[in-house]
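**Student:** after the sequence you'll find the predicted model.
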Amino acid sequence: MSVGIVGPIIIILFLILLFAGIRISVSLAIVSLLGIGLTANFNVAVNMLGTTAFNAIKDYVFAVVPLFVLMGLFSNIAGAGEDLYNAAYVILRKIRGGMAMATVVANAIFAALTGSTIASAAVFSKISLPEMTRLGYNKSVASGTIAGTSILGMLIPPSALMIIYGTITGESIGKLFIAGILPGILLSLLYILQIAVLAHFKPKMYGVGYVPDQKNESYKEIDLTWKTVFKPWPVLLLIILVIGGIWGGFFTPTEAGGIGAFGALLMMIFKGKFTWKGLWEALGSAGKTTGSILLLFITAQMFSRMLAITGIISNVTTWITSLGISPLLVIAAFCLLQLAMGCVLDSTSILLLTIPLMYPVILELGYNPIWYGIVAIVASEMGLITPPFGISVFTVKSALTESRVSSQIKIGDIFRGSYPYLAMMLVCLVLIILFPVIVTILPSLMLHTM
C-alpha cells in the first residue's frame, strides 16, 4: 500500500485509540505494527517488534533512568524538600510574597534531585500550601504557585525528559543536562519577578506577611535561625557533585545517577530516616516508574522505525523545507503543536510522538539539536498546567486530599493560580528561542562530551 494511503490511516487510527483511552504505549505498538504491515508485510512487522523490544533498551545509558529516579525517591524520604523549603522560608519570610518565592527556590533546588514535575508537585503541596494559607494567601495563588513551580522538575537537570530526548535522538544526555541549567535558573528568576510584581499590585492575594503565631494549630514551628538555612548543605553538596561531575567530565550521566542514588541513600541513613520498609517501597516505586518509561521507549522506537519505513519522515521533512518560510516560524509551529498536545497528553508522550518527526527537520534547518531539545521540553512542559489535562494541577489536587483546605480548593482555582506561571514559561521559551546562547553556552564549555 502506498505511503499516501498508509499515512492518513495511521494518523486516524492513532487518534481513535488515543481518545478511546487506550494506553499510549499500546496505541504506539498497534499503529506501528499496522503501518509496517501495510507498507511491507506483517511478518516483518512482528519480527521487528521483537528485535526492537531487545535492542531499544539494552544500551548502558538506560540505567540512568532508575538511578536518577531512586536518587529523587531517597532524597524525598530523607526530607530534602522540607529542609530546602524551611531554609528558603527563613531567608524570604518577611518579604511580601516571600512564601511563594520560597516555594520557587526550594522547588528549583529540589528539581536537581528528582527530575520529576509530579514529585515536586506532590511534595510541595503538603509542605508549602499549609504555610501559605496560614499566612492568608489566596488559595488559588497558593495552589497555583505549587503547580506552576513544579514545572522546574523537568527543566533543571537531571530530567527524565532530557533522558528521553537524548535516547530518541542519540544526542549527549550529559550535554542536555548541562544545557538545562541556565534556562532553569532563568525561569526561576522570572517566577520570582512575577510574584514580586503581583504581590505589589495585589497585596491581599499574597497574605499578611510573616506572622509567628505559634498558637495556631496549623503553624509548623521552624527554627528561625541560620542553622535552618544551612541544614540542607548535604543536598546542595550532592547536587554539585552530580552536576559538576558531569560538566567536568569526571563521570558519565549513568555513573552520576549511581553516585546520586548512593549519596541520597546515605542522607536517609545519617538523618535517621532509613527503614527497610521505606527502602522496599522506594525500590518498588522506582521499578514501576522505570518499567513504564522503558515500555514507552520500546514502542516509541517501533513508531520511529515505522515512520522511516513508510517514508513519512522524509516526506514531512521535504515538505516543510520546501515551503520556503522562515525557520523561526517552523520552530514556532512546532512549539504550538506541542503546547496543543499538552492539553490532552503528558509531556513524555508528546516528546515520543513529535521528536521522531521534528528532529530531522531541525537538523535540515541547521539548528543546534541540544538547543532544540530544551525548547521542545519547555514547550511540552507548558501543557502540564493547561486545561483540560494539566497533570501537575491534578497532582496538586490529589495531594491535598488529606489537607483541611483541600475541599475549599477547586481544580479551576489551581488552573487560575497557575496562569501567571504559564505566562512566564512563554516568556522563557521566547527568550531561549531568540537567544540560543542561554542554552548552548554551558555545554560548549564542557570538558568532555558524553
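**Tutor:** Nice, I can see it. Numbers count the residues shown, from 1 in each chain.
**Student:** going along the chain, name the strands of the stretch 101-250 of the chain.
**Tutor:** Read by DSSP state E, counting those that start in this stretch, the stretch 101-250 of the chain holds no strands at all.
**Student:** in it, which spans are helices?
**Tutor:** Ranges of helices in the stretch 101-250 of the chain, per DSSP state H, counting those that start in this stretch, are 117-134, 139-149, 152-155, 160-169, 173-179, 181-201, 226-230, 233-247.
**Student:** the fourth one versus helix 117-134: what angle between them?
**Tutor:** Note on geometry: by axes from the mean of the first three to the mean of the last three C-alpha atoms, to 10 degrees, helix 160-169 and helix 117-134 are set 160 degrees apart in direction.
**Student:** also the longest one?
**Tutor:** Between the direction of helix 181-201 and that of helix 117-134, the angle (the same axes, to 10 degrees) works out to 20 degrees.
**Student:** quick check: buried residues in helix 181-201?
**Tutor:** Neighbour counts over helix 181-201 (16 or more other C-beta atoms under 10 Å) mark 181-184, 186-188, 190-192, 194-196, 198-199 as buried. Backbone N, C-alpha and C define where each C-beta goes, glycine included.
**Student:** where does the protein have low pLDDT?
**Tutor:** Counting by pLDDT under 70, the ranges of the chain that qualify are 1-4, 7, 56, 115, 208-225, 313, 399-407, 447-450.
**Student:** can you report how many residues neighbour residue 82?
**Tutor:** If you count neighbours by other C-beta atoms under 10 Å, residue 82 ends up with 21.
**Student:** what sits against it?
**Tutor:** residue 127 (C-beta atoms under 8 Å, 6 or more residues apart in numbering).
**Student:** need the nearest residue in space to residue 67, chain neighbours excluded.
**Tutor:** In this structure, residue 67 finds its nearest non-sequential neighbour in residue 257, 3.0 Å apart by C-beta to C-beta, 6 or more residues apart in numbering.
**Student:** quick one: contacts for that neighbour?
**Tutor:** Listed by C-beta under 8 Å, 6+ apart, the contact set of residue 257 reads 63, 64, 66, 67, 68, 71, 158, 242.
**Student:** buried ones in the helix or strand where it lies?
**Tutor:** Residue 257 is part of helix 253-270, with elements assigned from DSSP states H and E. Neighbour counts over helix 253-270 (16+ other C-beta under 10 Å) mark 253-261, 263-265, 267-268 as buried.
**Student:** now these in CSV, with distance to residue 282?
**Tutor:** Below are the buried residues of helix 253-270 laid out as CSV (distance: C-beta to C-beta, whole Å):
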residue, distance to residue 282
253, 21
254, 19
255, 20
256, 19
257, 15
258, 15
259, 17
260, 14
261, 10
263, 14
264, 10
265, 9
267, 13
268, 9
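**Student:** for residue 311, grab phi and psi.
**Tutor:** phi 80, psi 10 (degrees, to the nearest 10).
**Student:** for the contacts of residue 257, which one is nearest residue 108?
**Tutor:** Taking C-beta to C-beta as the measure, residue 108 lies nearest residue 158 of the contacts of residue 257, at 13.7 Å.
**Student:** contacting residues around that closest one?
**Tutor:** 64, 68, 71, 112, 115, 177, 242, 253, 256, 257, 260.
**Student:** quick one, phi psi at it?
**Tutor:** The phi and psi values for residue 158, taken as degrees, to the nearest 10, are phi -80, psi 140.
**Student:** and it, how far from residue 408?
**Tutor:** 36 Å (C-beta to C-beta, to the nearest Å).
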